[in-house]
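Peer 1: Pasting the sequence and the predicted coordinates here, then a few questions.
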Amino acid sequence: MLFLKLFGYILPIIISIFVIYILVGIYRYNKNYINLDSHNFDKNKIFILVPLYNEKLENFKLQINLYKKYNILYILNGSLEPYKSILEENNIRYIYIDEKNKKKAVWTGLDYIKKFNPEYILLLDSDTIITDKDIIEGLNYIEKFNISALSFNILYYGNNIYNDLISLINQTFIYINKGFTGNNRCHFLYGQCILGKFGDIYDAYKLISEKYINKKLGDDRLLASILINNNKKIFYLDNNYIITEGINSFNELIKKFTRYMRSLIIISIIDIKERYIFKKSIFYYLYLFISFLPLVLYIYNFYTILGFILSSKHLSIYIVKGLFYKILYINIVSDIRFLYNLIFYKNWISHLFNYPHIFVHLLYILFKYFVISFYMISIYAIYIKYIHKKSPILLYMLFSFIYPFILFYSLFTFFKDDWLTR
């Protein structure tokens, strides 16, 4: 009982600290931003590796035209024609494997490329493009700050509410992270495009191939964890962009967030198991805390849902007075009092099927979640207003509404780590 009561008081304190942490991080990021003078790099020092599965032909042809002047290797991962014929026409290297597993595709490519002894590697999704200018600026950053791997800001094909939502959420967490860890460190890599030192990325993927090759999701986050654990720096360039396939429907949005949450769950388990998590900053812990907070709240309140199913004592008080009392004070005193009544109330069996008042407590649980969502919405809104001079509140309300359902579905289906979503 004492633990539950303490949890009820500590939770809002932790959330408040997180809010302050984020606002200060935003300020620090904008104060400390660095611009670099760039210089050209020899294209022979870099190799581009593209795993390909069932890509749209127009995306594939565009990518070939842009990068055929580079050393480039395609891994045809379960997809052969018409890609094979087009690659042969353009005299571009390729390897065919029938695995349909991105980690295996990347490792196959890295192992092949090793004989060319490149200094840098660009891991690129088959639906993604990046300009020569952004590649060069990324290489300059790697050289100046001794970065092992970095990602770029993301633009999506198509201007719609779904792409705006994902872009803003991605950028917000990255900017906050950079605000606290400095201009040459980060804790995230985005798998659409990763640029880095070949040796460091090869060594990390060698470990992945030995221990985690059959985990199909989360290769970018696992790569980041391994590099951080080996005291390597990773980074995110927010003023340099890649362009990738966008989202055009609500169904695709749900798919993307589900894959993201499954990946986060899988990598969190690996981080804890391998002790990678101890090398990460306090921001990462707070990020995980907020990500899984709805789940914590629902589990924390489960015993009270069960209690309302089993008892109807003081029903009118809960409906008329208790709901507003809880909404105003957001504490667990009434929950503890209810649990006490449940244990010592002798006639609860006669009211076993008296269900209407369950709705009241479900409202309370939802309210607790939306209080947390309101914190996050406010933070995002302040950030967007401060940086981009606009405040898309409705986007974040949409995200806050769907997030708990995605989280629960991902939690119970995280073992379905399937790459085949196209």
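Peer 2: Ah, there it is. Residues are numbered from 1 along each chain as shown.
Peer 1: where do the strands sit along the protein?
Peer 2: With strands called from DSSP state E, the chain shows them at 46-52, 71-77, 93-97, 120-124, 129-130, 149-156, 193-197, 234-244.
Peer 1: tally of neighbours for residue 269?
Peer 2: Neighbour count for residue 269, taken as other Cβ atoms under 10 Å: 13. Quick note: C-beta positions are derived from backbone N, CA and C, even for glycine.
Peer 1: typo on my end, residue 275
Peer 2: Counted with other Cβ under 10 Å, residue 275 comes out at 9.
Peer 1: Pop out the phi and psi values for it.
Peer 2: Geometry field for residue 275 lists phi and psi as phi 70, psi 20, criterion degrees, to the nearest 10.
Peer 1: While we're on it, how confident is the model there?
Peer 2: pLDDT, residue 275: 73.
Peer 1: Return the residues in contact with it.
Peer 2: Residue 275 is in contact with residue 229, counting by Cβ atoms under 8 Å, 6 or more residues apart in numbering.
Peer 1: What's the separation between the residue nearest to residue 204 when sequence neighbours are not counted and residue 232?
Peer 2: Closest residue to residue 204 apart from its sequence neighbours, by Cβ to Cβ, 6 or more residues apart in numbering: residue 226 at 4.4 Å. Relative to residue 232, residue 226 is positioned 8 Å away (Cβ to Cβ, to the nearest Å).
Peer 1: Which one's more surrounded, the two?
Peer 2: More crowded of residue 226 and residue 232, by other Cβ under 10 Å: residue 226, with 23 against 19.
Peer 1: Okay, the more buried one and residue 252: tell me how far apart.
Peer 2: 30 Å.
Peer 1: What of residue 105?
Peer 2: Distance, residue 105 to residue 252, by Cβ to Cβ: 23 Å.
Peer 1: higher neighbour count, these two?
Peer 2: Applying other Cβ under 10 Å to residue 105 and residue 252 shows that residue 105 carries more neighbours, namely 25 against 15.
Peer 1: What score does the residue nearest to the more buried one when sequence neighbours are not counted have for pLDDT?
Peer 2: Nearest-residue entry for residue 105: residue 51, 3.6 Å, with adjacent residues in sequence omitted and distances by Cβ to Cβ, 6+ apart. For residue 51, the model assigns a pLDDT of 88.
Peer 1: right, and residue 51 touches residue 110 too?
Peer 2: No - with contact defined as Cβ atoms under 8 Å, residue 51 and residue 110 do not form a contacting pair (10.7 Å).
Peer 1: Once you drop chain neighbours, what's closest to residue 80?
Peer 2: Residue 80's closest residue in space is residue 96 (Cβ to Cβ, 6+ apart), at 6.0 Å.
Peer 1: From residue 89, how far off is the one you found?
Peer 2: Computed as Cβ to Cβ, the residue 96 to residue 89 distance reads 16 Å.
Peer 1: So for those two, which residue has more residues nearby?
Peer 2: Counted by other Cβ under 10 Å, residue 96 and residue 89 do not tie: residue 96 has more neighbours, with 14 against 9.
Peer 1: if I look at that one, how far off is residue 136?
Peer 2: Residue 96 is 32 Å from residue 136, by Cβ to Cβ.
Peer 1: try residue 239
Peer 2: To residue 136, residue 239 is 13 Å away according to Cβ to Cβ.
Peer 1: who's more crowded, those two?
Peer 2: For residue 239 versus residue 136, neighbours defined as other Cβ under 10 Å are more numerous around residue 136 (17 against 11).
Peer 1: neighbours around residue 267, how many?
Peer 2: By other Cβ under 10 Å, neighbour count at residue 267 equals 23.
Peer 1: Surely it and residue 221 touch.
Peer 2: Yes - in this structure, residue 267 is within contact of residue 221 by Cβ under 8 Å, at 4.2 Å.
Peer 1: Now do the contacts for residue 51.
Peer 2: Contact analysis of residue 51 by Cβ under 8 Å, 6+ apart lists 74-75, 77, 102, 105-106, 109, 125-126.
Peer 1: Export the residues you listed to a markdown table and append columns for distance to residue 141 and pLDDT.
Peer 2: Shown next, in a markdown table, are those (distance: Cβ to Cβ, whole Å; pLDDT from 0 to 100):
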| residue | distance to residue 141 | pLDDT |
| --- | --- | --- |
| 74 | 27 | 90 |
| 75 | 27 | 87 |
| 77 | 30 | 78 |
| 102 | 25 | 80 |
| 105 | 27 | 84 |
| 106 | 22 | 86 |
| 109 | 24 | 88 |
| 125 | 21 | 85 |
| 126 | 25 | 84 |
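Peer 1: Reformat those residues as a markdown table; add distance to residue 245.
Peer 2: Shown next, in a markdown table, are the contacts of residue 51 (distance: Cβ to Cβ, whole Å):
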| residue | distance to residue 245 |
| --- | --- |
| 74 | 17 |
| 75 | 18 |
| 77 | 16 |
| 102 | 15 |
| 105 | 18 |
| 106 | 19 |
| 109 | 21 |
| 125 | 8 |
| 126 | 9 |
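Peer 1: Among those, which one sits closest to residue 292?
Peer 2: Nearest to residue 292 among the contacts of residue 51 is residue 102, at 25.0 Å by Cβ to Cβ.
Peer 1: Is it correct that the closest one is in contact with residue 75?
Peer 2: No - with contact defined as Cβ under 8 Å, residue 102 does not count as touching residue 75 (9.2 Å).
Peer 1: So for those two, which residue has more residues nearby?
Peer 2: When neighbours are counted by other Cβ under 10 Å, residue 102 and residue 75 differ, and residue 75 comes out ahead with 27 against 21.
Peer 1: wait, residue 82 sits on residue 57?
Peer 2: Yes - Residue 82 lies in contact with residue 57 (Cβ under 8 Å); the separation is 6.9 Å.
Peer 1: domains of this protein?
Peer 2: In the domain annotation for the chain, the residue ranges read 2-23+296-413, 36-280 (automatic domain parsing).
Peer 1: Among those, show the one with the smallest mean pLDDT.
Peer 2: For those, where the average pLDDT is lowest is domain 2-23+296-413, sitting at a mean of 52.
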